[in-house]
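A.B. asks: Okay, predicted coordinates and the sequence, questions at the end:
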Amino acid sequence: FYWENGAILRQISKEETPTGKQVKSLIDNGILLTDDLMFQVAQEKLESLPKNQGVIFDGLPRRTAQAERLMAMLKMQGRINFLTLLIDLPKDECVKRMLHRAEIEGRADDTMEKIELRLNQYEHDTVPMIDYLKLNSKFLAIDGSPAVEKVTENINSALSLT
């Protein structure tokens with residue numbers, strides 16, 4: 001199962017439920033969900049999947065506490081093989097790509113102000129988590145600078161999918 005965090009959260013944000021409305025408000029303001037809210041969503045989704053089905057997480061975890069919590073939740077479900085794949089992209093290229101995505105998709109969370117907020121959150125919260133994952137999972141880093149097709153090819157090669 002491919003867990004694309006942004007897509008799952010955008011889907012939930014369209015639901016007329018208290019959780020959906022809360023998620024929508026946070027997304028529209030470029031703010032990351034609290035761990036409790038994120039794991040409420042994750043727990044519900046993971047419980048619906050067969051225990052022997054692999055899961056690829058994209059965009060979760062983002063903080064060390066989330067990584068610890070996610071790995072503990074997965075272990076409780078009998079999911080014990082962890083691989084971290086980091087797509088490394090320089091900040092200026094990341095900003096350029098998100099602004100381009102904003103032009104194409106018209107996303108409310110891809111303004112320069114909200115991008116800067118997310119990148120600052122990344123530096124503060126996610127970079128330290130990467131060290132945790134290096135110690136607690138198999139770890140691969142992929143250069144995200146080439147064209148998307150080349151990055152995909154490199155990922156597939158690193159994961160022996162080609």
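C.D. replies: Perfect, I can see it now. Numbering: from 1, shown residues only.

A.B. asks: which stretches of this protein aren't confidently modelled?
C.D. replies: Of all residues in the chain, none has pLDDT under 70.

A.B. asks: residue ranges for the strands of this structure, please.
C.D. replies: For the chain, applying DSSP state E gives strands covering 2-4, 56-58, 83-88, 138-143.

A.B. asks: So which of those strands is nearest Ile115?
C.D. replies: Nearest of these to Ile115, taken as Cβ to Cβ: strand 83-88 at 16.9 Å. C-betas here are computed from N, CA, C, even on glycine.

A.B. asks: neighbours around the nearest residue to Gly30 once chain neighbours are set aside, how many?
C.D. replies: With sequence-adjacent residues excluded and distances taken as Cβ to Cβ, 6 or more residues apart in numbering, Gly30 is closest to Lys114, at 3.1 Å. By the criterion of other Cβ atoms under 10 Å, Lys114 has 19 neighbours.

A.B. asks: With Ile12 instead?
C.D. replies: Counted by other Cβ under 10 Å, the residues lying close to Ile12 total 21.

A.B. asks: Would you enumerate the residues in contact with it?
C.D. replies: 19-20, 23, 41 (Cβ atoms under 8 Å, 6 or more residues apart in numbering).

A.B. asks: Out of the strands of the chain, which is closest to Asp125?
C.D. replies: Among the strands of the chain, the nearest to Asp125 by Cβ to Cβ is strand 83-88 (14.7 Å).

A.B. asks: Give me the contacts around that closest one.
C.D. replies: By Cβ under 8 Å, 6+ apart, strand 83-88 touches 130, 133-134, 137-144, 151, 155, 158-159.

A.B. asks: so where do the helices sit in this protein?
C.D. replies: Applying DSSP state H to the chain gives helices spanning 5-13, 18-28, 35-47, 64-76, 91-105, 112-121, 127-136, 148-158.

A.B. asks: List of residues touching stretch 144-152?
C.D. replies: 87-90, 93, 142-143, 154.

A.B. asks: Buried ones among those residues?
C.D. replies: 89, 142, 154 (16 or more other Cβ atoms under 10 Å).

A.B. asks: I'd assumed Leu161 was in contact with the last one.
C.D. replies: It refers to Asn154. No. Contact between Asn154 and Leu161 fails when scored by Cβ atoms under 8 Å: they sit 10.9 Å apart.

A.B. asks: Could you state which residue of this protein sits nearest its centroid?
C.D. replies: Taking Cα atoms, centre = their mean as the criterion, Gly59 is the residue nearest the geometric centre of the chain, at 0.1 Å.
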